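Engineer: All I have is the shape, not the residue letters:
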């Protein structure tokens, strides 16, 4: 019996299995990078979503679908590792911005390279037509119908 046969036969199981496989492959791809040791994929995702110029904590929380409090905990961990810094907003002293450090930008770039390498292997394995169709379907599922193409 294959691994796939042990899961329920519905799209959620297939998506979950594919996501776990992709995540594991990206983790393996990044393993040689010592400075990435101990970072979770969720932390790397958050780091990759912070623009170079920084972003307000509330706006970033909304962007990633987290509460401000949960985002604050993630940010504190990344800040302790020297990957993010907090800075006041010159326009509003009550607002805190998260800004990636130089090392944070490097780590985000390494993560992006690892993802692209894994995607390239999957594209080769599945064939360009299948890979492109899969990506299109996944983005179509997420696309906001009110947003014009």
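Structural biologist: Yes, it's here. Note that the coordinates shown come from a computational prediction; the quantities given were computed from them, not determined experimentally. Residues are numbered from 1 along each chain as shown.
Engineer: How about the contacts made by the spatially most central residue of the chain?
Structural biologist: By CA atoms, centre = their mean, the chain has its centre lying nearest to residue 45, at 2.5 Å. Residue 45 makes contact with residue 64 under the criterion CB atoms under 8 Å, 6 or more residues apart in numbering. No exception for glycine: its C-beta is placed from N, CA and C like everyone else's.
Engineer: for the chain, what spans make up the helices?
Structural biologist: Using DSSP state H, the helices of the chain run over 11-30, 41-49, 57-64, 68-80, 102-126, 128-142.
Engineer: Show me which residues of the third one are buried.
Structural biologist: Within helix 57-64, the residues scored as buried using 16 or more other CB atoms under 10 Å are 57, 60, 61.
Engineer: How about the first one?
Structural biologist: In terms of neighbour count (16+ other CB under 10 Å), helix 11-30 has its buried residues at 25, 26, 27, 29, 30.
Engineer: Same check on the second one?
Structural biologist: Applying a neighbour-count criterion of 16+ other CB under 10 Å, one finds 43, 44, 46, 47, 48 buried in helix 41-49.
Engineer: which residue packs closest to the second one, ignoring adjacent ones?
Structural biologist: What it means is residue 44. Among residues not flanking residue 44 along the chain, residue 111 sits closest, at 4.5 Å (CB to CB, 6 or more residues apart in numbering).
Engineer: For the top strand by length along the chain, name the packing helices and strands.
Structural biologist: In the chain, with assignment by DSSP state E, the single longest strand is strand 92-100. On a contact count with 3 or more CB pairs under 8 Å, 6 or more residues apart in numbering; DSSP states H and E, strand 92-100 meets strand 55-56, helix 57-64, strand 84-89.
Engineer: Stretch 41-56 spans what distance, first to last residue?
Structural biologist: Using CA to CA, to the nearest Å, one end of stretch 41-56 lies 22 Å from the other.
Engineer: chain center to that stretch, what's the gap?
Structural biologist: 8 Å (CA atoms, centre = their mean, to the nearest Å).
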